[in-house]
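Undergrad: could you look at this predicted model? Sequence included:
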Amino acid sequence: MKTTQEFKDFFNKSLKTDLENLDKRRKQMVNRFLITLFAIFIPSLAVFILTELYIGIAFSVGVFLLLFFFWVRDKLFLNEFKQQVINRIVYFVSPDLTYDPKGHISLSEFVTSRIFMKSVDRHNGADLVYGKIDKTEFRFSEFKAEYKTTKTNSKGRTNTQWHTLFRGLFFIADFNKDFVGSTVVLPNSSGRESGFMKNVMSITRREKFVNLEDEEFSKEFTVYSDDQINARYILSTSLMTRIKDFKSKHKNSVYISFVDSRMYLGISHTKDLFEPRYLKSLNRFDVVKDYFDDLLLAAGIVENLNRNTRIWNNL
């Protein structure tokens, strides 16, 4: 596994010059953005005074969007950032990994994980990374899944609302070991749900609540499985310790499942992991290190579980 010092050397020797050039373009976009806002403010103020408020707002939005798409943004900046920075960091972490900025895991893979039971009405993703560490094939990407609800009011008007089912990093690893049935590990949001309530909540899925002896683990997670015995083989004391350690380092919700020969892992978050920070200098090591840390996190999960695969030898 690469170290922070190794990455710092790589940053200084290989990335810094390209980052300096990209950062100049970032500053130009920010400056153009500020100039655009100021240029819109004066005529908009006049429109507000001379016309009704909603007309002034529509005018401002229209002018801003027009200027933004034809003058403010740098259409090639994002693509070049991902090729010159993210792609090279991925290769630095491991030459066995491949980066596809426009790719993402499929909806069928997301559904196969059995982590979320609601139907997905809309989804998207980006920044697919895939490859092999030791003998384990894995892939992960940004992924967002949404479902919709529709209500009709007394006047017959339909209102559709979109709800986020999951947004974050979704990860799939194939350990070439057939797990019997499916075992799902979900965040225990309150930490105080009773066994009775957890059994009630399992009505929506074929898997049933698994009562584990590890109280600390049960405070953080709720486990469901359609094979109680094999769930305990998979979730050995050693693996539960690894999962608890992993969760202690991440404030966001963590979802895990074992289905067929694959492990699925979802880490929720609200930021775009591999996007440039437009309001921060790109050629600062502490900013770029965030991208390295996110990639190292994913690679580290596989390495840690590879060391632990002996727990499944009896399955």
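TA: That came through fine.
Undergrad: residues near the nearest residue to His123 once chain neighbours are set aside, how many?
TA: Counting by C-beta to C-beta, 6 or more residues apart in numbering, His123 lies nearest to Ala145, which is 4.7 Å off, once chain neighbours are set aside. To be clear about C-beta, it is placed using only N, CA and C from the backbone, and glycine gets the same treatment. When neighbours are defined as other C-beta atoms under 10 Å, Ala145 has 24 of them.
Undergrad: past the helix or strand where Ala145 lies, which element shows up next along the chain?
TA: Using DSSP states H and E, Ala145 sits in strand 136-152. Using DSSP H and E, the helix or strand that follows strand 136-152 in sequence is strand 158-174.
Undergrad: from Tyr255, how far off is the residue nearest to His123?
TA: 12 Å (C-beta to C-beta, to the nearest Å).
Undergrad: mutual contacts of these two, please.
TA: 116, 166 (C-beta atoms under 8 Å, 6 or more residues apart in numbering).
Undergrad: which parts of the stretch 101-250 of the chain are strands?
TA: Along the stretch 101-250 of the chain, the segments classed as strands by DSSP state E, counting those that start in this stretch run 122-133, 136-152, 158-174, 182-187, 208-209, 221-225.
Undergrad: okay if I get those as CSV plus mean pLDDT?
TA: Formatted as CSV, these follow (pLDDT from 0 to 100):
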stretch, mean pLDDT
strand 122-133, 92
strand 136-152, 91
strand 158-174, 91
strand 182-187, 92
strand 208-209, 90
strand 221-225, 93
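Undergrad: select, out of those, the one closest to Arg114.
TA: strand 182-187 (5.2 Å; C-beta to C-beta).
Undergrad: what angle do the closest one and strand 221-225 make?
TA: Interaxial angle, strand 182-187 versus strand 221-225 (axes from the mean of the first three to the mean of the last three C-alpha atoms, to 10 degrees): 160 degrees.
Undergrad: chain center to strand 182-187: distance?
TA: Centroid separation between strand 182-187 and its chain, computed with C-alpha atoms, centre = their mean, to the nearest Å, is 18 Å.
Undergrad: and Thr98, its phi and psi?
TA: phi -120, psi 140 (degrees, to the nearest 10).
Undergrad: surely it and Lys132 touch.
TA: No: using C-beta atoms under 8 Å as the test, Thr98 is too far from Lys132 to be in contact (10.0 Å).
Undergrad: can you list residues touching both of the two?
TA: Counting by C-beta under 8 Å, 6+ apart, no residue touches both Thr98 and Lys132.
Undergrad: picking up where we left off before, save the strands of the stretch 101-250 of the chain as CSV, and put in distance to Leu34 too.
TA: As requested, the strands of the stretch 101-250 of the chain are exported to CSV (distance: least, C-beta to C-beta, whole Å):
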stretch, distance to Leu34
strand 122-133, 28
strand 136-152, 29
strand 158-174, 30
strand 182-187, 41
strand 208-209, 55
strand 221-225, 47
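Undergrad: pretty sure Leu273 is touching Phe140, no?
TA: No: the criterion here is C-beta under 8 Å, and Leu273 misses it with Phe140 at 10.1 Å.
Undergrad: show me which of the two is the more surrounded one.
TA: Phe140 (26 against 20).
Undergrad: who is the closest residue to that one other than its chain neighbours paired with across the strands?
TA: Distances taken as C-beta to C-beta, 6+ apart put Phe171 closest to Phe140, at 3.9 Å, once the chain neighbours are dropped. Using DSSP bridges, the bridge partners assigned to Phe171 are Phe140, Leu265.
Undergrad: and the gap between Phe171 and Leu239?
TA: Counting by C-beta to C-beta, the gap from Phe171 to Leu239 is 16 Å.
Undergrad: kindly report the same for Phe110.
TA: For Phe110, the distance to Leu239 equals 23 Å [C-beta to C-beta].
Undergrad: measure how buried the residue nearest to Phe140 is and give me the count.
TA: Neighbours of Phe171 (other C-beta under 10 Å): 23.
Undergrad: before we move on, what about Gly125?
TA: Gly125, neighbours per other C-beta under 10 Å, totals 20.
Undergrad: what does the pLDDT read for the spatially closest residue to it that is not a sequence neighbour?
TA: Once flanking residues are discounted, Gly125 sits nearest to His104: 2.7 Å by C-beta to C-beta, 6+ apart. What the model reports as pLDDT for His104 is 96.
Undergrad: doesn't Asp127 make contact with His104?
TA: Yes: if you go by C-beta under 8 Å, His104 and Asp127 touch, sitting 7.3 Å apart.
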